[in-house]
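>>> predicted model and sequence below, questions to follow.
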Amino acid sequence: MAKKIVVIPGDGIGGEITSSAVDVLKKIDEKFHIGLSYEYHDAGGTAYDKFGTPLPQTTIDAAKASDGVLFGAVGGNQWDQVEPELRPEKAILGLRKHLGLYANLRPVKVADTLVEYSPLKPEVVRGVDLVIVRELIGGIYFGDRCESEMHDGHERAWDLENYSIPEVVRIAKLAFETAKLRRGKVTSVDKSNVLATSRLWRRTVTRMAADYPEVELDHLYVDNCAMQLALRPTQFDVILTGNLFGDILSDEAAVLGGSIGMMPSASIGECTSLFEPIHGSAPDIAGMGIANPIGTILSAAMLLRYALKEEAAAQAVEKACDQALADGYRTPDLWKDGFTKVSTTKMTQAVIGRI
Ligand code: IPM
Ligand code: MG
């Protein structure tokens, strides 16, 4: 039976990088006979310009009916003045909510060939292999908020953080299960010395640990975790955390490998799931054909793994990316003397040629 992939290129470099990933998937399909079909939909600032909304209903419906969504990126300065409810970012937040994508997996693996690109010392980053499991449809991102009100004679705004026990249980379960398939360690990150939501979080995760005797659980405050990621990132296997802390820590972790352009992500829901690079729309280089497609290609590999259960195909993509990098191909974000500087398309061809 054919598998339907909904492709949402979005804004900025989104079109270039999703087109690379689709080319790679087409090559994979020739080899593994999965029977992939593609349907394209708008979201973000591009959708706002066309339809007056960053997330048209047709996009939501198509995504819901798909076997997996491949998402590029949204956002750009030209939409900075748009009212908050219609900003391009609302497209990805809305998709997460509508599709029930409660878990965001962000793996960070520093390949030996890329150790030298890290802003940290090679001996600190060599061997880093961790995954951030971020809660994605709760917490302060989706709590009540007020853009502006008068209070004691001054204008103020507020955002409310809340987490329920079932929300924590659902995401923690996925973190424990993920750890079982890896090195068996979960680090739960919170701010329970200050926040009530974090105390409920820590209590709940601690209680659940009894069901996973084979997994070692420890807890870190988010500020300490931020420091540990820079000091000794190899200590981490699975980092489990809430929406806001996960957003911040995953950008920090992504840079351990030198370029945020290389980092994929999977957002897992009950019915479907969505796959996107974590780097964003990079408006400054949009249309120049120089964006690094690897983050999106590796996101397509995660789509093969998690949405389509095609593990061998996923590994073939990951190996081809490693091989292309090992053979010296570099987009400008990673290029230095002695390597082959290539465009987005050439980098994609280098990967395809190694599948
Ligand atoms: C991310 C992004 C999004 C987030 C933005 C674009 C809303 O930063 O996926 O990490 O904050 O979740
Ligand atoms: Mg982010």
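Nice, thanks for sending it over. Ligands and ions are numbered 1, 2, ... in the order given.
>>> can you pull the contacts of the closest residue to ligand 1 within the stretch 201-350 of the chain?
Going by CB to the nearest ligand atom, ligand 1 is nearest to Asp247 of the stretch 201-350 of the chain, at 4.4 Å. No exception for glycine: its C-beta is placed from N, CA and C like everyone else's. Contact analysis of Asp247 by CB atoms under 8 Å, 6 or more residues apart in numbering lists Arg134.
>>> next one: the residue of the chain positioned farthest from its centre from ligand 1, what distance?
Residue farthest from the centre of the chain, counting by CA atoms, centre = their mean, is Gly153 at 41.5 Å. Using CB to the nearest ligand atom, to the nearest Å, we find Gly153 at a distance of 33 Å from ligand 1.
>>> what comes up buried for stretch 179-195?
By 16 or more other CB atoms under 10 Å, the buried positions in stretch 179-195 come out as 179, 185-192, 195.
>>> which bits of the chain sit near ligand 1?
By CB under 6 Å from any ligand atom, the part of the chain that sits against ligand 1 consists of 89, 92-93, 247, 278.
>>> from those residues, which land in helices?
Secondary structure from DSSP state H places 89, 92-93, 247 of the residues of the chain next to ligand 1 in helices.
>>> give the buried subset of the residues you listed as a PyMOL selection command.
PyMOL command restricting these to the buried ones, with burial defined by 16+ other CB under 10 Å:
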select buried, resi 92+93+247
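>>> from the ones in helices among the residues of the chain next to ligand 1, which is closest to Glu123?
Asp247 (28.6 Å; CB to CB).
>>> chain center to stretch 335-353: distance?
Distance of stretch 335-353 from the chain centroid (CA atoms, centre = their mean, to the nearest Å) equals 23 Å.
>>> just the pLDDT for the residue of the stretch 201-350 of the chain closest to ligand 1.
pLDDT recorded at Asp247 is 95.
>>> can you point me to the longest helix in this structure?
The chain, longest helix under DSSP H: helix 14-32.
>>> now it: buried residues?
Per 16+ other CB under 10 Å, helix 14-32 contains these buried residues: 14-25, 27-29, 32.
>>> cool, stretch 76-92 as well?
76, 79, 86-88, 90-92.
>>> re the thing from before, which elements pack onto the longest helix of the chain?
When contacts are defined as 3 or more CB pairs under 8 Å, 6 or more residues apart in numbering; DSSP states H and E, helix 14-32 sits against strand 3-10, strand 36-40, strand 68-73, helix 294-302, helix 311-326, helix 344-352.
>>> Pro264 belongs to a strand?
No. Assignment of Pro264 by DSSP: H, G, I helix; E, B strand; the rest coil gives coil, placing it outside any strand.
>>> and it, its phi and psi?
In terms of degrees, to the nearest 10, the main-chain angles of Pro264 are phi -90, psi 170.
>>> what's the answer for Arg134, then?
Main-chain dihedrals, Arg134, degrees, to the nearest 10: phi -110, psi 130.
>>> ok, now Asp129?
The phi/psi pair for Asp129 (degrees, to the nearest 10) reads phi -150, psi 90.
>>> can you verify my assumption that it contacts Lys185?
No. The pair Asp129 / Lys185 is not scored as a contact, 11.4 Å apart, by CB atoms under 8 Å.
>>> what is in contact with the two at once?
Asp237.
>>> residues contacting the residue in the stretch 1-150 of the chain that ligand 1 sits nearest to?
Of all residues in the stretch 1-150 of the chain, Glu89 sits closest to ligand 1, at 4.1 Å by CB to the nearest ligand atom. By CB under 8 Å, 6+ apart, the residues touching Glu89 are 54, 74-75.
>>> what's the spacing between the longest helix of the chain and its chain's center?
Taking the mean of its C-alpha atoms, helix 14-32 sits 18 Å from the chain's own mean (CA atoms, centre = their mean).
>>> can I get the CA coordinates of that helix in CSV?
Written as CSV, here are the backbone C-alpha positions of helix 14-32 (Å, rounded to 0.1, in the frame of the first residue of the first chain):
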residue,chain,number,x,y,z
GLY,A,14,12.3,25.5,3.5
GLY,A,15,11.7,24.9,-0.2
GLU,A,16,15.3,24.1,-1.0
ILE,A,17,15.9,21.7,1.9
THR,A,18,12.7,19.8,1.6
SER,A,19,13.3,19.3,-2.1
SER,A,20,16.7,17.8,-1.2
ALA,A,21,15.1,15.4,1.3
VAL,A,22,12.4,14.4,-1.2
ASP,A,23,15.0,13.6,-3.8
VAL,A,24,16.7,11.4,-1.3
LEU,A,25,13.5,9.7,-0.4
LYS,A,26,12.8,9.0,-4.1
LYS,A,27,16.2,7.3,-4.4
ILE,A,28,15.4,5.3,-1.2
ASP,A,29,12.0,4.2,-2.7
GLU,A,30,13.8,2.9,-5.8
LYS,A,31,15.9,0.7,-3.6
PHE,A,32,13.5,-0.3,-0.9
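>>> for it, what is the average pLDDT?
Summarised as a single mean, pLDDT over helix 14-32 is 98.
>>> got the angle for it vs strand 68-73?
Between helix 14-32 and strand 68-73, the angle comes out at 150 degrees (axes from the mean of the first three to the mean of the last three CA atoms, to 10 degrees).
>>> leaving out sequence neighbours, find the closest residue to Ser343.
Distance criterion CB to CB, 6 or more residues apart in numbering; nearest residue to Ser343, sequence neighbours excluded, is Gly289 at 4.8 Å.
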